[in-house]
Each structure stands twice: as C-alpha cells, then as structure tokens.
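Trainee: Below: sequence and its predicted model.
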Amino acid sequence: MFKEHERIVLTEYVGSDDGEKLTPGDVGCVVHVHPGGEAYVVEFVSLEGETVALATVLPSQARAVKRGDINHARTMTPSVAA
C-alpha cells in the first residue's frame, strides 16, 4: 500500500484523467489515497515541476521507487490546468 506523497513508478500503461497515455516507467507522486488503498490519485510532473497529468492508479499498476532507479526523459505536453 502506498502512502500520500510517496513517489511511485508505473508498471503498465495507464490513461490519465484527461486521456493522456502514461507509460511504464513514468514516475509520479501519490496525492490521494482512496479508502483501503483500493486506488490512488497520482500527479505526474515535468522535470521543470509543471503538472502534466493526473491519473487514478490501481496498486497492481505501480511499484514503489527503488534504490538505483534513474530518471528518463520523454516529452509530454502539459494538459492539466495549474
């Protein structure tokens, strides 16, 4: 079970709340935990700190950040109003 403000890594493709396609390896921060940890609202930000997507993520679709994980950059147009 993930905690609020914990960073997670997607392990499969997930659609964001506004239709963006998030890919395995994308890193986000848990901003809300649904009751019992059934799902999480996760914020994904650019390397400049701009929110690019919000997504509801199931526990089976993500893992905790591990020691040795590194960032990988890909371009994604910010689609969430700040």
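Mentor: Arrived safely. What you see is a predicted model; the values in this text were computed from it and never measured.
Trainee: how about the nearest residue to the residue positioned nearest the centre of the chain, chain neighbours excluded?
Mentor: Per CA atoms, centre = their mean, the C-alpha nearest to the average position across the chain is that of Gly28, at 3.2 Å. Closest residue to Gly28 apart from its sequence neighbours, by CB to CB, 6 or more residues apart in numbering: Val42 at 3.9 Å. For glycine as for every other residue, the C-beta is placed from the backbone atoms N, C-alpha and C.
Trainee: which stretches of the protein aren't confidently modelled?
Mentor: Within the chain, the segments meeting pLDDT under 70 span 78-82.
Trainee: cutoff 50 now
Mentor: 82 (pLDDT under 50).
Trainee: For it, which segments count as strands?
Mentor: Along the chain, counting by DSSP state E, strands occupy 7-10, 14-15, 21-22, 27-33, 40-45, 51-57, 62-64.
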